[in-house]
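# The following comprises the amino acid sequence and a computationally predicted model.
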Protein chains: 2
Amino acid sequence: MTGRVMIIGLGPGPAKWVTPEASALLAEATDIIGYGPYVDRVPPSPAKRHASDNRVEVDRARHALDLASGGARVAVVSGGDPGVFAMAAAVFEAVEAGDPAWRDLDITVVPGVTAVLAAAARLGAPLGHDFCVISLSDNLKPWSIIEKRLIAAVEGDFVLAFYNPASKARPDQIGRAFDVLRRHAGERIVVLAKAVGRPDEEIIVTSLSAVKPEEVDMRTLVLIGSSQTRSIERGKAEPWIYSPRRWDA
Amino acid sequence: MTGRVMIIGLGPGPAKWVTPEASALLAEATDIIGYGPYVDRVPPSPAKRHASDNRVEVDRARHALDLASGGARVAVVSGGDPGVFAMAAAVFEAVEAGDPAWRDLDITVVPGVTAVLAAAARLGAPLGHDFCVISLSDNLKPWSIIEKRLIAAVEGDFVLAFYNPASKARPDQIGRAFDVLRRHAGERIVVLAKAVGRPDEEIIVTSLSAVKPEEVDMRTLVLIGSSQTRSIERGKAEPWIYSPRRWDA
């Protein structure tokens, strides 16, 4: 079998964050599969493009596996890193439940810069200490486990990063999450990092007591500092946010 | 002031994971500062190289800030992503405690592929669900907070990734961490991902009950699955490890 599936992370947006490995493998692909806006980011090439809607991850994964079984070199593209709330898990779910012959396919996951790293870099060094990364979508998990994880993360005094903080279907998830944190944590630095690296980038530095859920949209990566996260004031310039490497009780 | 500090992530090792932004800024640097093995990874250029020993992060940061104050374009290099247990936090610590004029410097953090993303990609999709990233070094934080975080992470059923799991000074940190997890969690998939992407790469897929602390060294990224993390068997080939996007109690 000469087909292969390459699950490729395109980074948060700009070409400067697409790794050389991702670029090289995209250029070799015969087929490119993904959510429309990600497929649109792939540079022109002779590959056939199969853009699909959001929320059909497993269908898309099966399509890729089918094409590869027929000998195609299929690139499945995601924004950020494909292993962080993106296409990699969907492909392996499809493999486990699907045609046993798919287990013999050559499947390569190509890591990328995930949104939390780009947002952190833009702000300073907020991840300088231990951190948790949580998807707030309750599409595939009950709210009870999300709430349990938020409380556990506060208990451990982790820095927190939220992916999928809001969607049209569930606009109030993030408000519920802030409420849980306010009940369990003291005051915290909160940053809303929108579309980092893209032309519509916007950064809002605020606090757990002041943040407004309506400021959060689908493009937003939400960062919640630990008890130790600090802001370095710089007069008129935006402050730098960082978490010291040292932790003192 | 024309000087600048660029805190650059070189990724886990191979050139295929160095972003175009990192490469472009390294080529512009007049000075390159970092731990010796990372400085050695920077392609040949006319820049002056200042390689230093490990464990002198804040001295190195001050050196970079001093040079930039004098007009240099200084690249501070880290492996992986500079914001994840690397040089970015040290630079902002030095800024906060140092010369107020340093706050006017142009400081840019350049994100990179951090080790946990490369290890996850190599294995399948173990980070397909919520996860925590913890440094096991107790050089700068007490063991009590590490233990508290391990317990909280188990309580939240997160996938766990450990950086700095072992060092010559503290060879038994990882053994203590496994003991804490065994007391609080059920059986879990454990993966020891050593030197991912480098010629000495080695992957050990094991379990919380079977893993041996002596198999962990400084090059190892340790991944502990959640209760939901699964292995897809493939006959003689290495299994794929993934965490389903769906979570069921």
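Thanks, I have it. Numbers count the residues shown, from 1 in each chain, chains lettered A, B, ... in the order given.

# tell me the domain ranges of chain A?
A:4-113, A:116-242 (automatic domain parsing).

# Generate a markdown table for the ones you listed, with mean neighbour count and mean pLDDT as supplementary columns.
All C-beta atoms are positioned from the backbone trio N, CA, C, and that covers glycine. A markdown table is the format used below for the domains of chain A (neighbours: other C-beta atoms under 10 Å in any protein chain shown; pLDDT from 0 to 100):
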| stretch | mean neighbour count | mean pLDDT |
| --- | --- | --- |
| domain A:4-113 | 21 | 96 |
| domain A:116-242 | 20 | 95 |
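
# show me the contacts for A:Ile189.
The contact partners of A:Ile189, taken as C-beta atoms under 8 Å, 6 or more residues apart in numbering or on different chains, are A:Pro126, A:Val205, A:Ser207, A:Ile224, A:Gly225, A:Thr229, A:Arg230, A:Ser231, A:Ile241.

# near chain B, which of the residues you listed show up?
Contacts with chain B are made by A:Pro126, A:Arg230 out of the contacts of A:Ile189, judged by C-beta under 8 Å from any C-beta of the partner chain.

# Quickly find the element holding A:Ile8.
Using DSSP states H and E, A:Ile8 sits within strand A:4-9.

# That strand: partners in the sheet, and parallel or antiparallel?
Applying DSSP bridges to the sheet, strand A:4-9 is found paired with strand A:73-78 (parallel), strand A:106-110 (parallel).

# Serialize those strands to CSV and add fields for distance to B:Ala195.
Below are the strands paired with strand A:4-9 laid out as CSV (distance: least, C-beta to C-beta, whole Å):
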stretch, distance to B:Ala195
strand A:73-78, 25
strand A:106-110, 18
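
# quick one, what contacts the closest residue to A:Gly71 other than its chain neighbours?
Setting aside the residues directly before and after it, A:Gly71 is nearest to A:Gly3 in space (C-beta to C-beta, 6 or more residues apart in numbering or on different chains), at 4.6 Å. A:Gly3 sits next to A:Leu67, A:Ala68, A:Ser69, A:Gly70, A:Gly71, A:Ala72, A:Arg73, A:Val74, A:Leu105, A:Asp106 when contact means C-beta under 8 Å, 6+ apart.

# Point out the ones among those residues that are inside helices.
Counting by DSSP state H, the contacts of A:Gly3 place A:Leu67, A:Ala68, A:Ser69 in helices.

# Next, format those residues as CSV and append distance to A:Lys148.
Shown next, in CSV, are the ones in helices among the contacts of A:Gly3 (distance: C-beta to C-beta, whole Å):
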residue, distance to A:Lys148
A:Leu67, 39
A:Ala68, 38
A:Ser69, 40
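
# Check whether the helix or strand harbouring A:Val180 comes near chain B.
For A:Val180, the enclosing helix or strand under DSSP H and E is helix A:173-184. No. Applying C-beta under 8 Å from any C-beta, one finds helix A:173-184 out of contact with chain B, separated by at least 11.5 Å.

# got it, and stretch A:215-223?
No. On the criterion C-beta under 8 Å from any C-beta, stretch A:215-223 is out of touch with chain B, staying 11.2 Å away.

# so how far does that stretch reach from one end to the other?
The distance separating the two terminal residues of stretch A:215-223, taken as C-alpha to C-alpha, to the nearest Å, comes to 13 Å.

# So which residues of chain A form strands?
Using DSSP state E, the strands of chain A run over A:4-9, A:31-35, A:48-52, A:73-78, A:106-110, A:124-125, A:131-135, A:159-163, A:189-194, A:202-207, A:220-224, A:230-234, A:237-242.

# That's all I had, so thanks and see you.
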